[in-house]
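K.L.:
Predicted model and sequence below, questions to follow.
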Amino acid sequence: MPIDPKLLSILVCPLTRSPLREEGNELVATKPEGQGLRYPIRNNIPVMLIEEAKLPQGVASLDEFKKKFAQHIPA
């Protein structure tokens, strides 16, 4: 079941504050382009915890993500 469009319109990545798009059972941050964090949807509920997010391919840790994409993370 898709996420309600009204809810999706107000949700943002808790780290980068970028908008999210729904892809299957995940919400994907739109920035950095093609490298956004992926948040799981469990029982139709988005799990918006940074620790639960899947990292982009080629990024080994959250610290590495933060360093690599520091320009996309608001102060």
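P.N.:
Done, it's in.
K.L.:
can you count the residues close to Lys6?
P.N.:
7 (other C-beta atoms under 10 Å). The way it works is simple: take the backbone N, C-alpha and C, and place the C-beta from them, glycine included.
K.L.:
Let's verify it: helix, strand, or coil?
P.N.:
helix (DSSP: H, G, I helix; E, B strand; the rest coil).
K.L.:
Now do the buried residues in the helix or strand hosting Arg21.
P.N.:
Using DSSP states H and E, Arg21 sits in strand 20-23. Within strand 20-23, the residues that count as buried by 16 or more other C-beta atoms under 10 Å are Leu20.
K.L.:
what about it, distance to the chain center?
P.N.:
Relative to the chain's own centre, strand 20-23 is displaced by 8 Å; criterion: C-alpha atoms, centre = their mean, to the nearest Å.
K.L.:
That one - which strands sit beside it in the sheet, and in what orientation?
P.N.:
strand 26-29 (antiparallel) (DSSP bridges).
K.L.:
C-terminal to the partner strand, what's the next element?
P.N.:
Next along the chain after strand 26-29, taking DSSP H and E as the criterion, comes strand 38-42.
K.L.:
Please save the CA atoms from that next one in PDB.
P.N.:
Extracted in PDB, the C-alpha atoms of strand 38-42 (Å, rounded to 0.1, in the frame of the first residue of the first chain):
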ATOM      1  CA  ARG A  38      16.900   4.800   1.900                       C
ATOM      2  CA  TYR A  39      14.500   4.500   4.800                       C
ATOM      3  CA  PRO A  40      12.400   1.300   5.200                       C
ATOM      4  CA  ILE A  41       8.600   1.200   5.300                       C
ATOM      5  CA  ARG A  42       7.400  -1.400   7.700                       C
END
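K.L.:
which outside residues touch it?
P.N.:
Under the contact criterion C-beta atoms under 8 Å, 6 or more residues apart in numbering, strand 38-42 has outside partners 3, 13, 20, 22-23, 25-29, 46-49, 52-54.
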